[in-house]
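Asks: Test case, fold it:
(chains A and B)
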Amino acid sequence: MDIKKEVGEAIKKALEELGFSKFKIDFSLEQPENLAYGDYATNVAMVAFKRFRPKTDRSLDEKVKNPLDLARKIIEKLNKQLSAFSIIAKVEAVPPGFINFYLSQDYLFTTILRSIVVKEKFGGSQMGKGKTVVIDYSSPNIAKPFGIGHLRSTIIGQALCNIYSFLGYRVIGDNHLGDWGTQFGALLCQIKLKIKSEKLKVEDLTINDLERLYVEFHQEVEKNPDLEVEARKWFKRLEDGDEEAERIWQIMVDISMKEFKRIYGLLGVSFDVVLGESFYVDKMAGVIADAQDKGIIKESRGAKVINIPGVETPAMLVKSDGATTYFLRDLAAIKYREKKWRPLLMIYEVGADQIFHFHQLFAVARMLGYLSEGKLIHVAHGMVRGLGGKLSTRLGKTIHLEAVLAEAIGRAEELAKKAGVSKNLSLRERKKVAKIVGIGAVKYSDLKQNPKTDVIFDWDKILTLEGNAGPYLQYTYARCKSVLSKKENLFLSTRDDVMKIILPKYQPNFDELAIARIICHFEEVVKEAAKSFSPNLIANFLYDLSQKYNNFYNQHRILGEGGKKEQLRLLLTLAVAQTLKNGLNLLGIDVLEKM
RNA sequence: GUCCCUGUAGCUUAAUGGAUAGAGCAACUCCCUUCUAAGGAGUAGGUUAGAGGUUCGAAUCCUCUCAGGGACACCA
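Replies: Residues are numbered from 1 along each chain as shown, chains lettered A, B, ... in the order given. Now for the predicted structure:
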């Protein structure tokens, strides 16, 4: 049941009856921040009043002097329609002219019941059935340790995958590894030098060695700019199929992948496909041919470029030395994905520093006819910076994700000790709790905020364990489970049980209703998060729900109340637990039965 | 220089053009012989960077100024 749609239609009909058909009334219907303003509210009367001037339109009587009067008129019409279905219990007009809708108890508890019946499906839908979404995320660069900079893309991207799947879409999560390009020229160049000077063995290299070599290379470029030319030559050799270059490249890929797999394991992140840039090496010629067919490819300063109308800088496909660019590989990827999956959306979860790149990329993809308008989306998250400025691999200024996760787990363990929780758990269980709490905290600290804003990396911030933080939600879940565990057989399973047995005999109080009223919006929040590519909406929702529940928990007893009151409270606890679990699941955060 | 993004309490932040700008951290005061205190209640803290404008209504939209960040063809 899509309440928003139903009520929205009813409002439109009411407007028609009042003679507003000839105007386009652009009203909103939303969930007010404050429960005191109902479960839904609309500004339709205020918007419509602007259009309606009593002097020019006599279809309304002269009593309508302000938006509030108009709101009352609209409600008169609405009541006739809304009484047809039992979702809305009350509609009221409030100054300056809002119309507030209150959900009926019948609807509230039908939803609560549904949450415990459909369980892990609660909040999901089938709206995406038959549609495909490709999400390009994480995409770390080979030969560099997994830095904090890739965390955002990885966990926001994973959350988007989870959300779209939950809504019934077929999701292709693609880890577009940075495993091709001039950077490998730099590494090859440096490795060849070191093999000579330090008797370095390629087989023994570690991921940290690769990072060090990359940093050293850029230090040496400062002294000797010719090295840059040398690096490009090495990349060209790689592209031309030089055997030694390929052998070393493969070793670098293997070292990195081993590393990444461990990190992804820790984070609980998985992909449907891992098609790195190198996957598109043999598909680039096709793109060049397409561009030639369209007659849009140009020679400029020895390079092959495409001029984009309205964009000053041309897009470069092939460099003057004949080596390819990542722009070209990205185009090949779009062509490939379109052909292979025919997606409704291709989402790129990549940092905001690449806005211009994607602007060019999307424009050229359209020029080449690879996709129709509106299918390509760049979800540009803000950059992670250190206190001193940009975190740059080249300058050796990186924070390794693994160190962050280890620190998070350590702090979680410490806090548990200090707070005296988890003391009834075995050492093994405690370790497990610390791991899930620590990693959940890191994920949540990022997912709770708007992806667009830049982040200054701060250990204390990313490792927050109290207040609006991951552990708070996990704790609330564990608290619910703890209560429920003390009540063996939970009795009620049918709608009739609740509607006929509990509700007629027990009038829920405000705090109880507040929890139910929030849970009723879960499905909408998930949809909105998908639509606006903002997992933070789900995080905020879960936090709000947890706050309400914890407040309730501290004010009222659940167990020992007996009778219908206890049953209803247990029912709510069950629903809160299920909603938290489903929501955290979407964010890629694990829940704990005990902590 | 041009273009893009951001600016909310001491700090980190929330808020589809709506109602009293909502939280968390830090500070202070309370609440565990009661279902998990990684919790709850309360106090204090705001000229939403500044100035104009649009609107019945602006943190949100427009213009300018200031501050920070990013991008601007041979890195990805």
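Asks: Would you mind splitting chain A into its domains for me?
Replies: A:3-103, A:439-586 (automatic domain parsing).
Asks: Any chance of the ones you listed in TSV with mean pLDDT, distance to A:Asp240 and mean neighbour count as columns?
Replies: Every C-beta, even on glycine, is put in place using the N, C-alpha and C of the backbone. Putting those into TSV (pLDDT from 0 to 100; distance: least, CB to CB, whole Å; neighbours: other CB atoms under 10 Å) gives the following:
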stretch	mean pLDDT	distance to A:Asp240	mean neighbour count
domain A:3-103	82	58	16
domain A:439-586	89	40	19
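Asks: Turn the ones you listed into JSON lines, columns for distance to RNA strand B.
Replies: Shown next, in JSON lines, are the domains of chain A (distance: least, CB to the nearest atom of the strand, whole Å):
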{"stretch": "domain A:3-103", "distance to RNA strand B": "2"}
{"stretch": "domain A:439-586", "distance to RNA strand B": "2"}
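Asks: Just send these back as a markdown table, with distance to A:Tyr326 too.
Replies: Formatted as a markdown table, the domains of chain A follow (distance: least, CB to CB, whole Å):
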| stretch | distance to A:Tyr326 |
| --- | --- |
| domain A:3-103 | 41 |
| domain A:439-586 | 23 |
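Asks: Figure out which of the ones you listed is closest to A:Asn307.
Replies: Nearest to A:Asn307, of all the domains of chain A, is domain A:439-586, at 30.0 Å by CB to CB.
Asks: Quote the end-to-end distance of that closest one.
Replies: This stretch, domain A:439-586, spans 15 Å end to end (CA to CA, to the nearest Å).
Asks: centre of the chain versus it, how much separation?
Replies: Distance of domain A:439-586 from the chain centroid (CA atoms, centre = their mean, to the nearest Å) equals 19 Å.
Asks: Up against RNA strand B, what does the stretch 301-450 of chain A have?
Replies: Neighbours of RNA strand B within the stretch 301-450 of chain A, by CB under 7 Å from any atom of the strand: A:301-303, A:305, A:312-314, A:316, A:319-321, A:323, A:325-326, A:329, A:352-357, A:382-383, A:385, A:389-390, A:412, A:415-416, A:419-422, A:433-434, A:437, A:448-450.
Asks: Could you work out which of the domains of chain A reaches nearest to A:Arg170?
Replies: For A:Arg170, the closest of the domains of chain A is domain A:439-586, at 13.8 Å, according to CB to CB.
Asks: just the buried members of the residues of the stretch 301-450 of chain A next to RNA strand B?
Replies: Taking 16 or more other CB atoms under 10 Å as the criterion, what is buried in these is A:303, A:305, A:314, A:316, A:319, A:323, A:325-326, A:329, A:352, A:357, A:382-383, A:385, A:412, A:415-416, A:421-422, A:433-434, A:437, A:448-449.
Asks: Now do the strands in chain A.
Replies: With strands called from DSSP state E, chain A shows them at A:29-30, A:40-42, A:88-94, A:98-103, A:132-136, A:170-174, A:297-300, A:303-306, A:315-318, A:345-351, A:376-381, A:384-386, A:389-390, A:455-456.
Asks: of those strands, which approaches A:Lys548 most closely?
Replies: Taking CB to CB, strand A:98-103 is the member of the strands of chain A nearest to A:Lys548, at 15.5 Å.
Asks: Pull up the pairing partners for the closest one, direction included.
Replies: Strands that pair with strand A:98-103, judged by DSSP bridges, come out as strand A:40-42 (antiparallel), strand A:88-94 (antiparallel).
Asks: tell me how far it is from the chain's mean position?
Replies: 30 Å.
Asks: contacts for that strand?
Replies: A:3, A:7, A:32, A:37-46, A:71, A:74-75, A:78, A:87-94, A:517, A:520 (CB atoms under 8 Å, 6 or more residues apart in numbering).
Asks: Could you do stretch A:359-375 as well?
Replies: A:287, A:290-291, A:294, A:296, A:306, A:308, A:311, A:313, A:315, A:327, A:330-331, A:334-335, A:338, A:343-346, A:376, A:378.
Asks: try stretch A:252-265
Replies: Contact partners of stretch A:252-265, identified using CB under 8 Å, 6+ apart, comprise A:138, A:140, A:142-146, A:154, A:179, A:184, A:187, A:205-207, A:210, A:270, A:276, A:278, A:401-402.
Asks: And the buried ones among the residues you listed, selectable in ChimeraX?
Replies: To isolate the buried members of those in ChimeraX, using 16+ other CB under 10 Å:
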select /A:138,140,142,143,144,145,146,154,179,184,187,205,207,210,276,278,401
